[in-house]
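**Q** Structure, please.
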Amino acid sequence: MDKIFIKDLVARGIIGINDWERENPQEILINITLYCDTRLAGEQDAIEHSVNYRTIAKKALAHAETAARLTVEALAEDLARMCLNEPNVQTVIVRVEKPGAVRFARSVGVEIERSRS
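**A** All right, here's what the predicted structure looks like:
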């Protein structure tokens, strides 16, 4: 299976369980790997046989900035479901991180893998 990836998409949104996290948007780092068959798209040079990563990135950014989820796990599930709604996506890996959330760590987060089946 081929991969299309979106690396280090930065959103600013409400995420977290603490009161102070619910007041001000914070940085959310998103990485998405989409598994699909891109052979026909490559052979015919036609995006309709692939996945438009720009469309996925815009949807992911909009959702992350408005969802106001309590957990990175919930946001990752939302994004995975959104990606699997794209007709050519068979499997997706979504990684959601909160940079600077834990002292002395660059970031913390979750990575999930979901498939159609």
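**Q** What is the burial count for Leu75?
**A** When counting by other CB atoms under 10 Å, one arrives at 26 neighbours for Leu75. For glycine as for every other residue, the C-beta is placed from the backbone atoms N, C-alpha and C.
**Q** Show me what the closest residue to it other than its chain neighbours is bridged to.
**A** The spatially closest residue to Leu75, leaving aside those adjacent along the chain, is Arg69, at 4.5 Å (CB to CB, 6 or more residues apart in numbering). Beta-bridge pairing for Arg69 (DSSP bridges): Ile15.
**Q** Retrieve the pLDDT associated with Arg69.
**A** With respect to pLDDT, Arg69 scores 98.
**Q** May I ask you to confirm that it is in contact with Glu21?
**A** No: judged on CB atoms under 8 Å, Arg69 makes no contact with Glu21 at a distance of 10.6 Å.
**Q** Quickly list what's touching both of the two.
**A** The contact sets of Arg69 and Glu21 overlap at Ile14, Ile15 (CB atoms under 8 Å, 6 or more residues apart in numbering).
**Q** List the contacts of the least confident helix or strand in the chain by mean pLDDT.
**A** Every helix and strand in the chain was compared by mean pLDDT, DSSP states H and E; the lowest is helix 39-44, with a mean of 95. Identification of contacts with helix 39-44 by CB under 8 Å, 6+ apart yields Asp2, Ala46, Ile47, Glu48, His49, Ser50.
**Q** If we only consider these, which is nearest to Lys58?
**A** Among the contacts of helix 39-44, Ile47 lies closest to Lys58 (CB to CB), at 14.7 Å.
**Q** circling back to that earlier point, of Arg69 and Glu21, give the one with the bigger neighbour count.
**A** Neighbour count, other CB under 10 Å: between Arg69 and Glu21, Arg69 has more, with 20 against 15.
**Q** Where do the helices of this structure begin and end?
**A** Using DSSP state H, the helices assigned to the chain run over residues 39-44, 53-66, 72-84.
**Q** you'd agree Val108 is up against Val96?
**A** No: the criterion here is CB under 8 Å, and Val108 misses it with Val96 at 9.9 Å.
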